[in-house]
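J.: Build me a structure from this.
(one chain, ligands or ions: 1)
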Amino acid sequence: MKRLELPANRIEVIQGLAADVLGTRNCGIPVNPKRIGEDEEDLRLHFEFLSDDLDGCIEYDRDTGKFHVVINSAATKSVTRERFTIAHELGHYFIPEHRRDLVVGKLPHFRLIPGLKPDHAEALADREADCFASHLLVPESELKLKLNEFTTAGRTASYGLVADLADYFQVSFICAAGRFLSATDEACAIAVYPNGKGRVPYVEVSVAFKTRFNVSRNSQLKPFPGDCGGSLERWFKDVPNPRDSEIWATANHGRFGTIVFLKPY
Ligand SMILES: [Zn+2]
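T.: Purely as a prediction, here's the structure:
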């Protein structure tokens, strides 16, 4: 199955929504999603110990007319993950279509693609909430300022640069990488080899990487090459344009798996 992709115009709408939410509040960096939630009259945040497979959820109480966001405060959760989870649930709260679904007692679902299966519609709604969260925590305007600052300092795309962005915005490396790849002019990509049975490696690419190598986020990765070097064919299953494809990579083995930063020589 191809990875579910949000239409570009939908990403734009959600980015605008996140910017509006930030624009009407006095948010510095790092953005504090908990505070944004607490400031909403009809929303209550709860921190409880939930089962391991659930980061958080949102429900609407018809009797009181209030939304309840429950965040899993299990000790194993990291601060960045908790921040992202709150921002994700806020996405369901602020995206009008999701809010409407919640009010009538349904799970938020995606409606722009006719004939979408229910589980796909819900998965896409969750992608919308993730999209909202990443734009709320890494606002477009602040991201551009930070990238300009790096460019002025002579820094180019690297694992370390994304790690610094993650640190600055207080988000996970994956979240920072996604936002960085959407904004950079450089050709680069992130390959993720998650831990755990049945979890498939995946790639996120910048526009320039996609254009230059014809490798997209739907391209399949080969098993981790180990020495972190070589040509594009050593990383990807089908490389339509293997010429000019020597790449270097830096990898980090975190508790969620191996994350590799790919960049052409
Ligand atoms: Zn969700």
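J.: Go through the lowest-mean-pLDDT helix or strand in the chain and flag the buried ones.
T.: In the chain, no helix or strand scores lower on mean pLDDT, DSSP states H and E than strand 247-254, which sits at a mean of 82. Buried residues in strand 247-254, counted by 16 or more other Cβ atoms under 10 Å: 247, 249, 251. Where C-beta positions appear, they are placed from N, C-alpha and C, glycine not excepted.
J.: try stretch 66-73
T.: For stretch 66-73, by 16+ other Cβ under 10 Å, it's 67, 69-72.
J.: Put together JSON lines for those, with distance to the ion and pLDDT on each row.
T.: Listed next are these as JSON lines, based on distance: Cβ to the ion, whole Å; pLDDT from 0 to 100:
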{"residue": "67", "distance to the ion": "13", "pLDDT": "97"}
{"residue": "69", "distance to the ion": "10", "pLDDT": "95"}
{"residue": "70", "distance to the ion": "12", "pLDDT": "93"}
{"residue": "71", "distance to the ion": "12", "pLDDT": "93"}
{"residue": "72", "distance to the ion": "13", "pLDDT": "90"}
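J.: check contacts around the nearest residue to residue 47 once chain neighbours are set aside.
T.: Leaving aside its sequence neighbours, residue 47 sits nearest to residue 73 (Cβ to Cβ, 6 or more residues apart in numbering; 4.1 Å). Contacts for residue 73 (Cβ atoms under 8 Å, 6 or more residues apart in numbering) come out as 47-49, 82.
J.: In a markdown table, list those residues along with pLDDT, neighbour count and distance to the ion.
T.: Converted to a markdown table, these look like this (pLDDT from 0 to 100; neighbours: other Cβ atoms under 10 Å; distance: Cβ to the ion, whole Å):
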| residue | pLDDT | neighbour count | distance to the ion |
| --- | --- | --- | --- |
| 47 | 93 | 15 | 17 |
| 48 | 92 | 10 | 17 |
| 49 | 89 | 9 | 19 |
| 82 | 92 | 19 | 15 |
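J.: Which residues are in contact with the residue in the stretch 151-265 of the chain that the ion sits nearest to?
T.: Per Cβ to the ion, residue 175 is where the stretch 151-265 of the chain lies closest to the ion, at 15.2 Å. Going by Cβ under 8 Å, 6+ apart, residue 175 touches 80, 84, 133-134, 137-138, 166, 169.
J.: among the contacts of residue 73, which are in strands?
T.: Residues of these located in strands (DSSP state E): 47-48.
J.: residues near the closest residue to residue 18 other than its chain neighbours, how many?
T.: Nearest residue to residue 18 in three dimensions, chain neighbours excluded: residue 135, at 3.8 Å (Cβ to Cβ, 6+ apart). By the measure other Cβ atoms under 10 Å, the count of residues near residue 135 is 24.
J.: Whichever strand or helix holds residue 135 near the ion anywhere?
T.: Assigned by DSSP states H and E, residue 135 belongs to helix 118-137. Yes - interface with the ion: helix 118-137 contributes 126, 129 (Cβ under 5 Å from the ion).
J.: which is the next helix or strand following that helix?
T.: Following helix 118-137 in sequence order, the next helix or strand is helix 140-152 (DSSP H and E).
J.: Same list, the contacts of residue 175, but as CSV with pLDDT please.
T.: Listed next are these as CSV, based on pLDDT from 0 to 100:
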residue, pLDDT
80, 92
84, 95
133, 98
134, 98
137, 98
138, 98
166, 96
169, 98
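J.: Out of the residues you listed, which comes closest to the ion?
T.: Nearest to the ion among the contacts of residue 175, with distances taken as Cβ to the ion, is residue 133, at 9.4 Å.
J.: Thank you, goodbye.
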